[in-house]
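Q: A predicted structure for the sequence below; I have some questions about it.
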Amino acid sequence: MDVRIVLAAFAVLGVLPCWAQSDPQGVPKQSGAWRIDSVQDADSKEENFSLLTTAVGNTDATFSLWCKPDVPLYYFAIRDPRLAERPSGEETAVTVRLADQEPARFLAASAGSGSVVIREIVHQTAFTLILASLRQRGAATVELSVADLHWVFSLDGFADSMQSLTEHCKFAPDPGRARQRR
C-alpha cells in the first residue's frame with residue numbers, strides 16, 4: 001500500500017473529528033452571502049453573534065443582524081465608515097426596499113463609530129417588518145439608504161442562516177419581549 005494513501009487517510013480521519021468539534025451544533029458558518037460571526041462582549045462574559053453580509057460592490061459597508069444573549073436582544077446594524085459623521089444617538093431615516101416593492105422608511109438611531117442600529121425593542125415596527133421582509137424567499141437583494149448613502153445587499157443565504165443564528169443565540173427574535181417584562 002502506498003504510504004501517501006495511508007498518511008492521507010490518517011489526515012482525513014484526524015481532521016474530521018476536529019471539524020465536528022469546532023461547531024458542535026453542526027451549524028454552517030456561511031450560507032450564500034451571509035456568515036455567522038461572534039464577538040466577545042467587553043461589558044459581559046457573553047459571546048454576541050451576528051449574521052453578516054457586505055454590500056454589493058462595497059466591502060467597507062456591512063448589514064448584520066446581531067443578538068446579545070445576556071440582554072436578550074436582537075438588532076440590525078448598518079455599518080459604513082461614512083456614517084461616522086453622524087453623532088451617537090441622532091435619529092435618522094432609514095429606507096428599505098425589497099425587490100420591486102415600494103420603499104419603507106423608518107427612524108433609527110446612530111450608534112456612533114460609523115453605524116446605525118434598528119433595535120428589536122426600541123424600533124419594534126421597523127425591526128419586525130425588516131426581519132419579515134428579509135425572510136421572504138424569492139427576493140435577491142435588499143436596498144438600504146441612510147440620508148444620501150445607499151447600499152445593495154444580497155439576500156442569498158439569509159433565510160437559511162437565520163435558524164443557525166437563533167441556535168447560536170439560544171433565543172428567537174421577539175420585538176414583543178419588552179411588553180413581557182412589565
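A: Right, received. Where do you want to start?

Q: Can you tell me the strand partners of the longest strand along the chain and which way each runs?
A: Using DSSP state E to define each element, the chain has its longest strand at strand 58-68. Taking DSSP bridges as the criterion, strand 58-68 forms sheet pairs with strand 47-55 (antiparallel), strand 73-79 (antiparallel).

Q: since we're on residue 57, how many residues are nearby?
A: Neighbours of residue 57 under the rule other C-beta atoms under 10 Å: 8. Yep, even glycine has a C-beta here, placed from its N, CA and C like the rest.

Q: deepest of the strands paired with strand 58-68, which one?
A: strand 73-79 (a mean of 23; mean count of other C-beta atoms under 10 Å).

Q: Only alpha carbons, please: show it as PDB.
A: Extracted as PDB, the C-alpha positions of strand 73-79 are listed here (Å, rounded to 0.1, in the frame of the first residue of the first chain):
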ATOM      1  CA  LEU A  73     -31.900  41.500  22.400                       C
ATOM      2  CA  TYR A  74     -31.600  41.400  18.600                       C
ATOM      3  CA  TYR A  75     -30.800  44.400  16.400                       C
ATOM      4  CA  PHE A  76     -29.900  45.200  12.900                       C
ATOM      5  CA  ALA A  77     -26.800  47.200  12.200                       C
ATOM      6  CA  ILE A  78     -25.800  49.100   9.100                       C
ATOM      7  CA  ARG A  79     -22.000  49.900   9.200                       C
END
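
Q: Could you figure out how far whatever helix or strand comes next after it is turned away from strand 73-79?
A: For strand 73-79, the following helix or strand on the C-terminal side (DSSP states H and E) is strand 91-98. Relative orientation of strand 91-98 with respect to strand 73-79: 90 degrees, computed using axes from the mean of the first three to the mean of the last three C-alpha atoms, to 10 degrees.

Q: Which strands and helices lie in contact with the helix or strand just after strand 91-98?
A: Downstream of strand 91-98, the first helix or strand assigned by DSSP H and E is strand 104-112. Packing partners of strand 104-112 (3 or more C-beta pairs under 8 Å, 6 or more residues apart in numbering; DSSP states H and E): strand 91-98, strand 115-119, helix 124-135.

Q: Can you tell me what sits against the second one?
A: Taking contacts as C-beta atoms under 8 Å, 6 or more residues apart in numbering, the residues outside strand 115-119 that touch it are 73-80, 83, 86, 92, 94, 106, 108-111, 126-127, 130, 146.
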